Structures are given as structure tokens and as C-alpha cells.
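Peer 1: here is my input; please provide its structure:
(2 chains, ligands or ions: 2)
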Amino acid sequence: MGDGAASPLVALHGVGRAFPSGPALEGLSLSVAAGEFVTLVGPSGCGKSTTLRLVAGLDMPTSGTITWADGAPPALGFVFQDPTLMPWATLVRNVALPLELQGVPAGETRARVDAAIAAVGLEDARGLYPREMSGGMRMRASIARALVGRPRLVLMDEPFAALDEMTRFRLNDDLLRLRRETGATVLFVTHSIYEAAYLSDRIVVLSARPGRAIADIAAGPPTDRAGYRHSAPFMAVCQEVAAALRRADAAEAA
Amino acid sequence: MDLSRILPPALALALALGAWEAGVRIAGVPAYILPAPSLVLMTLWQDRAVLLPSLLVTLRTTLVALALAAAGGIGLAILFTHARWLERALYPFAVVMQVTPIVAIAPLLLIYAEQPAAVLACAFLVAFFPILANASLGLASTDRGLVDLFRLSRASRMQELWRLRLPSALPQILAGLRIGGGLSLVGAVVAEIAAGTAGAGAGLAFRIVEAGYRLNIPRMFAALVLIALAGLAIFALLAWLSRRLLAPWHESAVPGRQG
Ligand SMILES: Nc1ncnc2c1ncn2[C@@H]1O[C@H](COP(=O)(O)OP(=O)(O)O)[C@@H](O)[C@H]1O
Ligand SMILES: [Mg+2]
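Peer 2: Numbering: from 1, shown residues only, chains lettered A, B, ... in the order given. Ligands and ions are numbered 1, 2, ... in the order given. This is a model prediction of the structure:
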């Protein structure tokens, strides 16, 4: 498997995670270079969410190791498939949560929350409760909360899966802009081949459960993405990912 | 106030009372069988020196019992979320307490304790379980994603309790309190009736029993009206509290919806 750079920000070495129902991951090796946008795709139930949880330290591997460039995990941001906002708190209070929990001083918290809310374009929704926001706004709020702690690595688990296509396209572009502005490294999960091809520098295809990396496809889109969705290189990447996914499914059927 | 919501029940009540009044007068039903509403109202005023202190006794018992049950039920539910073994050990006792009718327990309590304490204990017992059960359910159904998020931010257990588990359980906790509030009045009334002795601390239910012995039917009705009003007041207070606390964010309290 091709490594992104000489010294990856995070590397998984033969990582496995077994549940009582059986292994979800087995021998997964994967590395993400600093600043890289890597996307995991694979059949449903192949361990993509499990992988993100292991990287985030929310779960422990039962075999293999995870190593970090600095020896310890850097500041992390996590965006779940559901917006996972506190329904009893306004947008501002939701975005401020990670800083408040970490005891960041109030003045600094306010400034950073304002910046994060502005970055996702929700300035007019500051006092709204989640039930008063649209699905797209909630997801933006969730992204603002993930970015407010200035993470070096952002983990995103199918964040746009529940949104309509127009909203999803808009958020895809916003995500690329935020990534450019913050220079954050992103490990992304999606079940959309097109989304993977549009966003990623590199796409890692996992086999059916238990998940292993079976393909590592460089996407590396041009910096100017106008019209990229309709270009030949984009289509080529999509086809390559689709072929790898068919192999994953075939392996499962066998 | 929305007139279209108040008017129908108000009209229905006025109509029912009017029919009752008219029926009693036209048929000439004697007051010791069925007193007219006007007579009940008059009795309420004339007997206020007896009835009001009793109302205060019953209300005090109910509210103190509710407060104790709330503190105990919510406190134990919090302990349960931190120590599952404790829940497994104690829950059966709570269930047994709950399924045994309070009318059957009251005479026993009256043997062991002074009347005011026994009445308080009965009111507490019936209110305790629904508060505990609802709070446990609410605390246990915290969004897994939010729990993960708190852990990612390295939140302490205290932060997790105060900033996540308790707020997210608030709708269920308040539902438990609304049920417990009604039940604690029932418990107090049942225990007062079982005790059946007069004294300085005689509650409204005792006044009903006493008036029954004396065939003072209008006073029975007057005491009954006060108990119903007390129940309504407790219900309204807790409903108001729920709306206050949940209004901006919870579906049950969103203005313009039923709930
Ligand atoms: N906490 C858990 N306990 C037991 N089994 C789990 C748990 N989490 C995930 N699994 C199982 O591991 C497999 C991979 O799950 P997941 O990582 O969520 O897949 P994906 O995100 O790729 O759809 C699934 O079969 C799932 O049922
Ligand atoms: Mg998943």
C-alpha cells in the first residue's frame, strides 16, 4: 500500500478489532500523511466506522497498533453521520461545548466559536436550537463544533449521507474550502463513490467484513475544481473505485 | 390566553353544574343525599375554619413527600447509572413496593410510625417509583454519539452528568415528577383515610371520613372539591414547570402543539 508521505501523521499497522459477533477488521494497514484528505469506502458493515473510532481512541484494537507522528494523538475533530447536537442547547452553546469541556477561557471561547460559526456560514442561526434548523444547517453546526478545537486531524463518518444532493454538493465545496483554510488532515468515510472521488487526495477501498485495505487509489484532483465533476480524470477515478468495490463484493459472495 | 381553548371546557363545566343545581332543586333532593353546588360552595365558606387548616396539612404532606421522592428517586437513578450492580440489587425492592397497593401497606406503616410520619411515608412510597423509573430510563437513554463526543473532549464524569445526562433526561424526569405529584396526593389521602384518627394534624381525607360519620354530606363534598383543586394545582404547577424548562427545545413543549 502506498504511503502518503515519508512520515505519516497516523499509521495503522495490521489493525484488527474483534467483537463477540466476530472480527470487524483484520490486518488493516493504512497511513495518512499530514494535510492529506483520505477517504475510506467499502461495503456496509466492513468496519469503516470502527476504523474511525479506533483512530479517535473511542475504541481499542484487539490486534495491531496505531502510531502517531508525535507519539500521541493530536487535537481531533469528529463529525458523526448524525449531527449529534445537544437538543437543549443553542447553536452557539453546541459549538462552544468542546472548548468549555476543556476549560478554555470564556473570552477565547467566544472568539473561536464566532470564527467557527462564520466559517460554516451560520452567523444568522447563532441563537437557534437544533430543532429549528434544517438538516444542512445541523450538519454545518456539527462541522463547526469539530473545527472549533483547531484539530490537526478531522474524522468524518458519512457526514452528508442523510442530506439531499444539492445540499451535499454545497457542503462538499465548503468542506474543501475549510480544509484549504485550516490545513487540517481529513480521514473521511462515505458510501458515495462520486463524493469520494470529488473530495479526496486518496481513496482506500476496504474489503467486506472483516475489513482490510484492498485498493489505494490516488485521486489528486486539480486545485481548481470548477467542472471537475464532469471531467475525464474524475470519471476515471470513479470507475477505478467502482471496480475495486465490485472486487470487494465478489470476495464477500465467494 | 387562547379563548377557543378555554371556552369549551368552561362551558361544559358551567352546563354540568347548572344541570346539577336545577335537578336538585326541581326534584327536591334533600341535602343529605345530594347537595346542590351552591350549598357545597356555601359550606366551603362556612366551614373554612375546619377545612382550610386540613387542606394545608394535606398539601404540605403531598409536597414534602414529592420533594423527598424527587430527591431520592433522581439521586438513586444517578447512582444506578454509575453502579449497575446497585441497580440490579435494589430494583426488585422498588418494584415490589410499587406493585403492592398502598392501601394494603398503610395500616402496617401506621403501626410502626406516628400518624404524620406514616402518612408522609405512604405519599412518598407511591411517588418514589415512577420518579425513579422515569429518571433511570432518561439517564440511560443518553445519545451514544454525544457520550462519545464528551469522551473525545476528555470530559470528567461530573461534566458528563451535569452537562449531558441530566439535561438529556430532563423530559423523562419531569414526566416522572408529573406522575409522582398526582400519586403522592393519592398516597396522602389513602393513608389519612386508613389512619382515620382526629388530631391537630387532620388532613382533608380525614375530614371526609369524619363528615361521613356525621352524615354531613355537604361538607364531604366541600372537602372533596378541595382535594380535587389541590390535585389540579399540583398538576398545573408541574405542567408549568415542564413547559418552562423544556419550552425552547423539546417537542412536547413547543407552543402550538398538543402536549
Ligand atoms: N460495538 C459493537 N459491538 C458489536 N459489534 C459491532 C460494534 N460496532 C460495530 N460492530 C460490528 O462490526 C461490523 C463493522 O461495523 P461498522 O464499523 O459500523 O461498519 P461500517 O461503518 O463499515 O458500515 C458490523 O458488522 C457491526 O455489526
Ligand atoms: Mg458506518
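
Peer 1: quick one: contacts for the residue lying closest to A:Arg202 once chain neighbours are set aside?
Peer 2: In space, and not counting its chain neighbours, A:Arg202 is closest to A:Val38: 4.9 Å by Cβ to Cβ, 6 or more residues apart in numbering or on different chains. For glycine as for every other residue, the C-beta is placed from the backbone atoms N, C-alpha and C. By Cβ atoms under 8 Å, 6 or more residues apart in numbering or on different chains, A:Val38 lies in contact with A:Gly4, A:Leu30, A:Val32, A:Val186, A:Leu187, A:Phe188, A:Ser200, A:Asp201, A:Arg202, A:Ile203, A:Val204.

Peer 1: quick check, A:Val38 in a strand?
Peer 2: Yes - assessed with DSSP: H, G, I helix; E, B strand; the rest coil, A:Val38 lies in a strand.

Peer 1: if I look at it, how far off is B:Ile193?
Peer 2: According to Cβ to Cβ, to the nearest Å, A:Val38 stands 73 Å off from B:Ile193.

Peer 1: follow-up on the earlier one: from A:Asp124, how far off is the residue nearest to A:Arg202?
Peer 2: For A:Val38, the distance to A:Asp124 (Cβ to Cβ) stands at 34 Å.

Peer 1: count the residues that sit near residue 230.
Peer 2: Just so you know, I chose chain A. 8 (other Cβ atoms under 10 Å in any protein chain shown).

Peer 1: you looked at the wrong chain, it should be chain B
Peer 2: When counting by other Cβ under 10 Å, one arrives at 20 neighbours for B:Ala230.

Peer 1: look up phi and psi at it.
Peer 2: With angles defined as degrees, to the nearest 10, B:Ala230 sits at phi -60, psi -40.

Peer 1: nearest residue to it other than its sequence neighbours?
Peer 2: B:Leu59 (5.6 Å).

Peer 1: which SS class is that neighbour?
Peer 2: helix.

Peer 1: B:Gly231 is in contact with that one, correct?
Peer 2: No - if you go by Cβ atoms under 8 Å, B:Leu59 and B:Gly231 don't touch, sitting 10.3 Å apart.

Peer 1: tell me which of these two has more neighbours.
Peer 2: More crowded of B:Leu59 and B:Gly231, by other Cβ under 10 Å: B:Leu59, with 19 against 16.

Peer 1: chain neighbours aside, what residue packs nearest to B:Tyr91?
Peer 2: Spatial nearest neighbour of B:Tyr91, excluding adjacent residues (Cβ to Cβ, 6+ apart): B:Phe80 at 8.0 Å.

Peer 1: count the residues that sit near A:Ile203.
Peer 2: Applying other Cβ under 10 Å, we find 26 residues neighbouring A:Ile203.

Peer 1: quick one: the contacts of A:Val38 as TSV, columns for pLDDT, secondary structure and distance to ligand 1 too.
Peer 2: Below are the contacts of A:Val38 laid out as TSV (pLDDT from 0 to 100; DSSP: H, G, I helix; E, B strand; the rest coil; distance: Cβ to the nearest ligand atom, whole Å):
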residue	pLDDT	secondary structure	distance to ligand 1
A:Gly4	42	coil	22
A:Leu30	95	strand	14
A:Val32	97	strand	17
A:Val186	97	strand	17
A:Leu187	98	strand	13
A:Phe188	98	strand	13
A:Ser200	94	coil	17
A:Asp201	94	coil	21
A:Arg202	96	strand	18
A:Ile203	96	strand	15
A:Val204	97	strand	12
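
Peer 1: most surrounded residue in those residues?
Peer 2: Most neighbours among the contacts of A:Val38, by other Cβ under 10 Å: A:Val204, with 28 neighbours.

Peer 1: tell me who's in contact with residue 35.
Peer 2: Since no chain was named, I'll use chain A. Shown in contact with A:Gly35 (Cβ under 8 Å, 6+ apart): A:Gly183, A:Ala184, A:Thr185.

Peer 1: please refer instead to chain B.
Peer 2: Contacts of B:Pro35 (Cβ under 8 Å, 6+ apart): B:Val24, B:Thr43, B:Ile217, B:Pro218, B:Phe221.

Peer 1: also B:Leu55?
Peer 2: Contact partners of B:Leu55, counting by Cβ under 8 Å, 6+ apart, are B:Leu204, B:Leu226, B:Ala230.

Peer 1: what about ligand 1: which of the residues you listed touch it?
Peer 2: Restricting the contacts of B:Leu55 to those touching ligand 1 (Cβ under 6 Å from any ligand atom) yields no residues.

Peer 1: closest one of those to A:Val79?
Peer 2: Nearest to A:Val79 out of the contacts of B:Leu55 is B:Ala230 (Cβ to Cβ; 51.4 Å).

Peer 1: quick one: the closest one and chain A, what's the gap?
Peer 2: Distance of B:Ala230 to chain A, given as Cβ to the nearest Cβ, to the nearest Å: 31 Å.

Peer 1: tell me the pLDDT at that residue?
Peer 2: As predicted, B:Ala230 sits at a pLDDT of 94.

Peer 1: do the same with the one 10 residues further on
Peer 2: B:Trp240 carries a pLDDT score of 93 in this model.

Peer 1: B:Arg154: what secondary structure?
Peer 2: Assignment for B:Arg154 (three-state DSSP): coil.

Peer 1: surely B:Asn134 and B:Pro171 touch.
Peer 2: No - the pair B:Asn134 / B:Pro171 is not scored as a contact, 9.2 Å apart, by Cβ under 8 Å.

Peer 1: neighbour count winner among the two?
Peer 2: It is B:Asn134, of B:Asn134 and B:Pro171, that has more neighbours when counted by other Cβ under 10 Å, with 24 against 21.

Peer 1: so the more buried one is in which element?
Peer 2: Using DSSP states H and E, B:Asn134 maps to helix B:115-140.

Peer 1: that helix near chain A anywhere?
Peer 2: No - Helix B:115-140 lies apart from chain A when judged by Cβ under 8 Å from any Cβ of the partner chain; the minimum separation is 12.4 Å.

Peer 1: got the buried residues for that helix?
Peer 2: Going by neighbour count (16 or more other Cβ atoms under 10 Å in any protein chain shown), the buried part of helix B:115-140 is B:115-116, B:118-136, B:138-139.

Peer 1: go on, stretch B:157-173?
Peer 2: Buried, per 16+ other Cβ under 10 Å, within stretch B:157-173: B:159-161, B:163-173.

Peer 1: is it correct that A:Ser200 is in contact with A:Val41?
Peer 2: No - assessed by Cβ under 8 Å, A:Ser200 is found out of contact with A:Val41, at 9.3 Å.

Peer 1: just want the residue of the stretch 151-254 of chain A that's nearest ligand 1.
Peer 2: Nearest residue of the stretch 151-254 of chain A to ligand 1 (Cβ to the nearest ligand atom) works out as A:Arg209 at 5.3 Å.

Peer 1: surely that residue and A:Cys46 touch.
Peer 2: Yes - contact criterion Cβ under 8 Å: A:Arg209 and A:Cys46 qualify, at 5.1 Å.

Peer 1: which of the two has more neighbours?
Peer 2: It is A:Cys46, of A:Arg209 and A:Cys46, that has more neighbours when counted by other Cβ under 10 Å, with 25 against 20.

Peer 1: so the more buried one, which state does it fall into?
Peer 2: On the three-state scheme (three-state DSSP), A:Cys46 is labelled coil.

Peer 1: once you drop chain neighbours, what's closest to it?
Peer 2: Sequence neighbours aside, A:Gly211 is the residue nearest to A:Cys46 in space, at 4.1 Å (criterion: Cβ to Cβ, 6+ apart).

Peer 1: what sits against that neighbour?
Peer 2: A:Ala24, A:Leu25, A:Glu26, A:Leu28, A:Gly42, A:Cys46, A:Gly47, A:Lys48, A:Thr50, A:Thr51.

Peer 1: now, among those residues, which is nearest to B:Gly180?
Peer 2: Nearest to B:Gly180 among these, with distances taken as Cβ to Cβ, is A:Thr50, at 42.0 Å.

Peer 1: what about that closest one, how many residues close to it?
Peer 2: A:Thr50 - counted by other Cβ under 10 Å - has 23 other residues nearby.
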